[in-house]
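Chemist: Sequence below, structure please.
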Amino acid sequence: MTEPWLSADDVATHLGVAKDTVYVWIAEKGIPAHKIGRLWKFQVSEIDEWVHSGGAAIDDGSTEPS
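Modeler: Below is the predicted model:
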């Protein structure tokens, strides 16, 4: 059985973040995403591996509030 493709909304819900955060991570953090037409699609196994490897970690030089 193949793994279903998820939308940005689905990934945001899965990770408990805003959809805008998912788009920022595409542009700046290298979250594994595949563009299909105008849409970004994701596989949950790739997303989980990326998170576990520290891909979503905040950088020391971040402008995020502490």
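
Chemist: and Leu39, what does it touch?
Modeler: Residues near Leu39 by CB atoms under 8 Å, 6 or more residues apart in numbering: Ser7. To be clear about C-beta, it is placed using only N, CA and C from the backbone, and glycine gets the same treatment.

Chemist: Tell me the bridge partners for it.
Modeler: Ile36 (DSSP bridges).

Chemist: Could I get the pLDDT score of it?
Modeler: If you check Leu39, the pLDDT there is 96.

Chemist: Mind listing residues that contact the helix or strand where Asp48 lies?
Modeler: Under the criterion DSSP states H and E, the helix or strand holding Asp48 is helix 44-52. For helix 44-52, contacts defined as CB under 8 Å, 6+ apart pick out Glu3, Leu6, Val11, His14, Leu15, Gly30, Ile31, Pro32, Ala56.

Chemist: Got a quick PyMOL command for the buried subset of these?
Modeler: To isolate the buried subset of the contacts of helix 44-52 in PyMOL, counting by 16 or more other CB atoms under 10 Å, use the following:
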select buried, resi 6+11+15+31
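
Chemist: Just the closest of the contacts of helix 44-52 to Val24, please.
Modeler: Proximity of these to Val24 (CB to CB) peaks at Ile31, which lies at 9.1 Å.

Chemist: thought that closest one was touching Gly55?
Modeler: Yes. At 6.4 Å, Ile31 counts as touching Gly55 under the criterion of CB atoms under 8 Å.
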